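Trainee: dropping a prediction and its sequence here:
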Amino acid sequence: MKYYDKLIFELSAEGRNGYSLPKNRFPSANPLPKSLTRSEAPLLPQVSEVDVVRHYTNLSQMNFGVDTGFYPLGSCTMKYNPKINEEIANLPAFAGIHPLQDASTVQGVLEVYYNMERMLAEITGLSAFTFNPCAGAHGELTGLMVMRQYHLCRGDLGRTKVIVPDSAHGTNPASAAVCGLEVVVVKSKENGRIDVNDLKPLLDDTVAGIMMTNPNTLGLFETEIKEIASLVHAAGGLLYYDGANMNPLMGVVRPGDMGFDIMHLNLHKTFSTPHGGGGPGSGPVGVAAYLEPYLPLPKVVRCDDGSFSILQDRETSAGKVSGFMGNFGVILRAYTYLLMLGKENLRKVGEFSVLGANYIKESLKDLYKLPIEGVCKHEFVFDGLVNDGGHDEVHGATTLDVAKRLLDFGFHAPTIYFPLLFHQALMIEPTETESKETLDAFIAVMREIAREAAEDPAILQEAPHNTPVRRPDETAAARNPILKYTDSKPCE
Ligand SMILES: *Cc1c(COP(=O)(O)O)cnc(C)c1O
């Protein structure tokens, strides 16, 4: 262990400090009442500035991020976040505003909201967006509230079910449940697409709608989407589109044209604003024109004289979902991204994300099991190794072992054991911002790992070997979590 890998408490030395405060300019005529002051000084580490800087800089380097390496985490769209986005978001005119400022003093900000709504409408084929939801899952909940409100406003009170495919992202059924709707699962066929014959008998007047993503979570395009849309609509239900990962479609296909009525986007995935660690995020929700009256407020509108104002009330609205209008900083980064890219290049995002995923898939499918053949979109799923080197499932190298071994080579692991359709699922999404050289390096390492698995699976089972934290005991970590500082060393 390096000296500065120590915890900050362990670097402490009596009497040392890292600050110098100016002298108190005010007479302390009114000292704090005794009952509010502490009797002993707080137990804080006593460290110099240089110790603090080294401590946190070293900590930051123990972490993995898009700015430190390739991050093929499926269903997460870990693409490069251009630094110009940060520069714009940091401009004082944007970073220094307050949500209670009068609309007349933030016209430029409102214009960003307005223009962004128009751009997203054009990209998705839907009519109006709300920017109030602060995450993808929050967008799902908002979209479902809109769906429910639509049915209620029509006096159609019995629609309490939402159909969700078995390949869906976990947040879909969770959002439906939070919205008070009942989840009904529709099965996938052998080829990974929704089984239309399984869907038909589920459609009746208790169905509020269906939640889907296309391409689905296996990275496969639902080729029967037109038929699915007309069946659901004929039964009086609506189609909800999970657009968290819009990469492969941008500039090529639009959810609105496929027949979807409501969708969310993850600006903190597809539109290049940083994510991870719980936010801040942005999950704008778009709807077809006939659903606009149900969107949550407030929202930005353009007045006849060309100025912008904020619409606060509408009787039919499904209600508020956040304070004010979502995470403006995230929306601004996404807006910058779109302006920098321009219309002509947007389509390339889709093409390159699909090309990269297929290139990796085809380059590895002799060594990793590919359960469903054919062209994928921006991501795909392997079902573990072809040759795991073991006599049985217990002794061979598993998907977890492959993921851990990748860390030794400086790559982040793919998503593992999701979707649940395959026991050894290994879900890879390269994203369009990676060069061919990076993809080739990743392929070479994956091939090397497959060779190790076949010849000496123990190397994988004990991996990672050279990361700051070795393989934790996941059962012990879950059963007996250590959540505060102790001077025992849980990581070693
Ligand atoms: C990431 C993701 C979500 C959820 O988005 P959050 O911002 O994490 O709440 C939903 N659906 C899909 C397909 C996703 O990839």
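Mentor: On my side now, so go ahead.
Trainee: neighbours of the residue in the chain that the ligand sits nearest to, how many?
Mentor: The ligand sits closest to residue 136 of the chain, with a gap of 2.2 Å, by Cβ to the nearest ligand atom. C-betas here are computed from N, CA, C, even on glycine. Neighbourhood size, residue 136 [other Cβ atoms under 10 Å]: 25.
Trainee: residue contacts, the residue nearest to residue 138 when sequence neighbours are not counted?
Mentor: Spatial nearest neighbour of residue 138, chain neighbours left out: residue 283 (5.2 Å); criterion: Cβ to Cβ, 6 or more residues apart in numbering. Residue 283 makes contacts with 133-140, 142, 244, 264-267, as judged by Cβ atoms under 8 Å, 6 or more residues apart in numbering.
Trainee: so which of the residues you listed belong to strands?
Mentor: Among the contacts of residue 283, the members found in strands (DSSP state E) are 264-265.
Trainee: top of the contacts of residue 283 by neighbour count?
Mentor: residue 139 (33 neighbours).
Trainee: in the protein, which residue is closest to the centre?
Mentor: Residue closest to the average C-alpha location in the chain (Cα atoms, centre = their mean): residue 76, at 4.9 Å.
Trainee: what residues does that one make contact with?
Mentor: Residue 76 neighbours (Cβ under 8 Å, 6+ apart): 269, 275, 415, 429.
Trainee: angles on the backbone of the last one, please.
Mentor: So the one you mean is residue 429. Note on residue 429: its backbone torsions stand at phi -130, psi 110 [degrees, to the nearest 10].
Trainee: you'd agree it is up against residue 79?
Mentor: No. Judged on Cβ atoms under 8 Å, residue 429 makes no contact with residue 79 at a distance of 9.2 Å.
Trainee: hang on, the earlier thing: with pLDDT as new columns, can the contacts of residue 283 be given to me in TSV?
Mentor: Compiled in TSV, the contacts of residue 283 are given as follows (pLDDT from 0 to 100):
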residue	pLDDT
133	97
134	95
135	95
136	96
137	96
138	97
139	98
140	98
142	98
244	93
264	98
265	98
266	97
267	96
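Trainee: quick one: which of residue 429 and residue 79 has more around it?
Mentor: More neighbours surround residue 429 than the other of residue 429 and residue 79, with 29 against 22 (other Cβ under 10 Å).
Trainee: quick one: the strands in the stretch 101-250 of the chain, in order.
Mentor: 128-130, 161-165, 182-186, 207-212, 238-243 (DSSP state E, counting those that start in this stretch).
Trainee: let's have those in JSON lines, adding mean neighbour count and distance to residue 69.
Mentor: Supplementary listing: those in JSON lines, determined by neighbours: other Cβ atoms under 10 Å; distance: least, Cβ to Cβ, whole Å:
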{"stretch": "strand 128-130", "mean neighbour count": "24", "distance to residue 69": "34"}
{"stretch": "strand 161-165", "mean neighbour count": "24", "distance to residue 69": "33"}
{"stretch": "strand 182-186", "mean neighbour count": "16", "distance to residue 69": "37"}
{"stretch": "strand 207-212", "mean neighbour count": "27", "distance to residue 69": "33"}
{"stretch": "strand 238-243", "mean neighbour count": "27", "distance to residue 69": "27"}
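Trainee: mind giving me TSV with these and columns for distance to residue 65 and mean pLDDT?
Mentor: Shown next, in TSV, are the strands of the stretch 101-250 of the chain (distance: least, Cβ to Cβ, whole Å; pLDDT from 0 to 100):
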stretch	distance to residue 65	mean pLDDT
strand 128-130	29	98
strand 161-165	32	97
strand 182-186	34	97
strand 207-212	31	98
strand 238-243	24	98
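Trainee: these: which one's closest to residue 360?
Mentor: strand 238-243 (23.2 Å; Cβ to Cβ).
Trainee: that closest one to strand 207-212, inter-axis angle?
Mentor: Here the directions of strand 238-243 and strand 207-212 differ by 20 degrees (axes from the mean of the first three to the mean of the last three Cα atoms, to 10 degrees).
Trainee: do the very next helix or strand once past strand 238-243 and the ligand come into contact?
Mentor: For strand 238-243, the following helix or strand on the C-terminal side (DSSP states H and E) is helix 255-258. No. Using Cβ under 6 Å from any ligand atom, helix 255-258 stays clear of the ligand, coming no nearer than 13.0 Å.
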